[in-house]
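S.K.: Sharing a model prediction with you, sequence too.
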Amino acid sequence: MNNKARWFYLLPYVLWIGLFVVTPILLVVYYSFFDLHGNFTLANYEKLFTFVYMKMIASSFWYAFLITAFCLIIAYPAAYFITKTKYKQLLLLLVILPSWINLLLKAYAFLGIFSTDGAANNFLEAVGIGAQQILFTDFSFVFVSVYIFIPFMLLPIFNALDKLNPALIDASRDLGASAWTTFRKVVFPLTLSGVKSGVQAVFIPALSLFMITRLIAGNRVITLGTAIEQHFLVTQDWGMGSAIAVFLIITMVVIMIVTGTRKRGVQ
C-alpha cells in the first residue's frame, strides 16, 4: 500500500481524533486559565491545591481505590471459575447483560431496592435485624459502583485466564508446587496484563463519577466528577471546572502509563 492510499484511509480517523479528542482537551485547558469574568489567571490552579480541594481529591482516590479493589476481589475468582466451566459463553453473557441497561435506570432500580420499604430492608426485617438506613450512605455508593464496574474488570481478566496455557499449571504442580504457589508464581503473573487492563477500565472512570454520587450517595460523597459538574452547571465557574478536569486528565494519563503493559523485545 503506497503512502497516498495509507493517508486516505487514515484521514477519517485523524479527523475524528482531532475534532472529538484533541480539540475538546485544548478547549478545557484554555478555559482553565480564565476566571468568572473572563480574565486570564492562574488562581484556578492555585485554588486546586488548597485544603478543601486536596481533601476532595484524596476522597476521590480513596473511593476509586475501594471500588477497584472490590471489583478485583470479586472479578478474578469469578473469571477463573467461568474459564473452568463448559458454559463460558452463557456465563459471560449473563455478566455483560447488565451493562446493556442504561446507567440511570440501574441507579433508579437501586433507589427502590435500598429504600426504607425496599427489598434490602424487607430481607433485613425478615432475618430479624430490622430496617436500616442503606440508601445515601458510603456503603450504597460503593456497592452500586462495584456492581456497575464488575463487567469491565472481569472481561479482561477472563481473556487473560482463558489464553493461559494449562500445561504451565500442570508443570508447576508436577514440580511439587502447591495450589497457592502455582497461583502466586505462575497464574497471577501471566494474567497480570488482564488485571492491569481491568484496573484501568475501573479506576479511571471511578475517579470521575458524579451521577451515582447524587442519586445513590445523596451528595454525601464528593468526587472530582461531582465538583466538575457543580462548577459547570451550578456556579458557572468554567475556569475552576476546567482546571479540575485538566488535573483529572493528567491523572488518567499517569495511571495509564503506570499500569500499562510494556512489551519487551525477544532475541
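M.R.: All right, it came through fine.
S.K.: So what's the residue count around residue 184?
M.R.: Residue 184: 12 surrounding residues under other Cβ atoms under 10 Å. The C-beta positions use only the backbone N, C-alpha and C, and glycine is treated the same way.
S.K.: One more: residue 157?
M.R.: 28.
S.K.: Can you verify my assumption that it contacts residue 193?
M.R.: No - counting by Cβ atoms under 8 Å, residue 157 stays clear of residue 193, with 9.6 Å between them.
S.K.: and residue 18, how far is that from residue 252?
M.R.: 20 Å (Cβ to Cβ, to the nearest Å).
S.K.: what helices or strands is the lengthiest helix in the chain leaning on?
M.R.: Looking across the chain with DSSP state H, the single longest helix is helix 51-83. In this structure, helix 51-83 packs against helix 88-96, helix 138-162, helix 192-207, helix 224-233, with contacts taken as 3 or more Cβ pairs under 8 Å, 6 or more residues apart in numbering; DSSP states H and E.
S.K.: Can you list the buried residues in the shortest one?
M.R.: Going back to what we said before, that points to helix 88-96. 91, 92, 95 (16 or more other Cβ atoms under 10 Å).
S.K.: Throw those into JSON lines and include pLDDT, thanks.
M.R.: Shown next, in JSON lines, are the buried residues of helix 88-96 (pLDDT from 0 to 100):
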{"residue": "91", "pLDDT": "92"}
{"residue": "92", "pLDDT": "91"}
{"residue": "95", "pLDDT": "90"}
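S.K.: Which of those residues lies at the shortest distance from residue 8?
M.R.: Relative to residue 8, the closest of the buried residues of helix 88-96 is residue 92; by Cβ to Cβ it sits at 37.6 Å.
S.K.: Quick check: closest non-adjacent residue to the closest one.
M.R.: Spatial nearest neighbour of residue 92, excluding adjacent residues (Cβ to Cβ, 6 or more residues apart in numbering): residue 82 at 6.5 Å.
S.K.: doesn't residue 91 make contact with the one you found?
M.R.: Yes - counting by Cβ under 8 Å, residue 82 does reach residue 91; the two are 4.8 Å apart.
S.K.: Need the residues touching each of those two.
M.R.: Residues touching both residue 82 and residue 91 (Cβ atoms under 8 Å, 6 or more residues apart in numbering): none.
S.K.: Phi, psi for residue 40 please.
M.R.: phi -70, psi 130 (degrees, to the nearest 10).
S.K.: please renumber so the chain begins at 524
M.R.: Sounds good: first residue 524 from here, last item residue 563.
S.K.: how about the most centrally placed residue in the chain, what does it touch?
M.R.: The geometric centre of the chain, computed from its C-alpha atoms, lies nearest to residue 725 (Cα atoms, centre = their mean), at 2.1 Å. Going by Cβ under 8 Å, 6+ apart, residue 725 touches 590, 591, 594, 672, 675, 676.
S.K.: quick one: it from residue 706, how far?
M.R.: In terms of Cβ to Cβ, residue 725 sits 22 Å off from residue 706.
S.K.: Next: residue 675.
M.R.: 23 Å.
S.K.: Then residue 752?
M.R.: 42 Å.
S.K.: Please apply the same query to residue 530.
M.R.: 48 Å.
S.K.: and if you look at residue 567?
M.R.: 48 Å.
S.K.: With residue 720 instead?
M.R.: 19 Å.
S.K.: The two: which has the busier surroundings?
M.R.: Taking neighbours as other Cβ under 10 Å, residue 720 and residue 706 compare with residue 720 leading, 20 against 17.
S.K.: Surely the more buried one touches residue 677?
M.R.: No - using Cβ under 8 Å, residue 720 is not in contact with residue 677, being 11.1 Å away.
S.K.: Return every residue with contacts to both of those two.
M.R.: Joint contacts of residue 720 and residue 677 (Cβ under 8 Å, 6+ apart) do not exist.
S.K.: Per-residue pLDDT of residue 654, please?
M.R.: Note for residue 654: predicted pLDDT of 86.
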